[in-house]
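Student: build me a structure from this.
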Amino acid sequence: MKKVKFTGEYITLGQFLKKVDLIDSGSDAKHFLSTQYVYVNDEEENRRGKKLRDQDRVKIGKDSWILIHED
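Tutor: Numbers count the residues shown, from 1 in each chain. As a prediction, the model looks like this:
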């Protein structure tokens, strides 16, 4: 499982996808989420505005990440 660090209270799913280089721009998030199975904490998720917080887990295909908040 890969670690993704972020600052602030949360990061949106769209921002996460861009941060891990799965999309090139925020506008690509909607299309990506409509064509891929994305799981947040073992629940299917397709909202690009979904707020991800510390210790949330994201799984896409065989890849998985854990969100780590840093000050």
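Student: buried sites along the longest strand along the chain?
Tutor: In the chain, taking DSSP state E as the definition, the longest strand is strand 63-69. For strand 63-69, the neighbour count (16 or more other C-beta atoms under 10 Å) marks W65, L67, H69 as buried. Every C-beta, even on glycine, is put in place using the N, C-alpha and C of the backbone.
Student: TSV for these, including distance to G49?
Tutor: Shown next, in TSV, are the buried residues of strand 63-69 (distance: C-beta to C-beta, whole Å):
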residue	distance to G49
W65	18
L67	16
H69	19
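Student: and the strands in this structure?
Tutor: Going by DSSP E, the chain shows strands at 2-6, 11-12, 38-40, 43-44, 51-52, 57-60, 63-69.
Student: so which of those strands comes closest to A29?
Tutor: strand 11-12 (8.5 Å; C-beta to C-beta).
Student: good, we can wrap up now.
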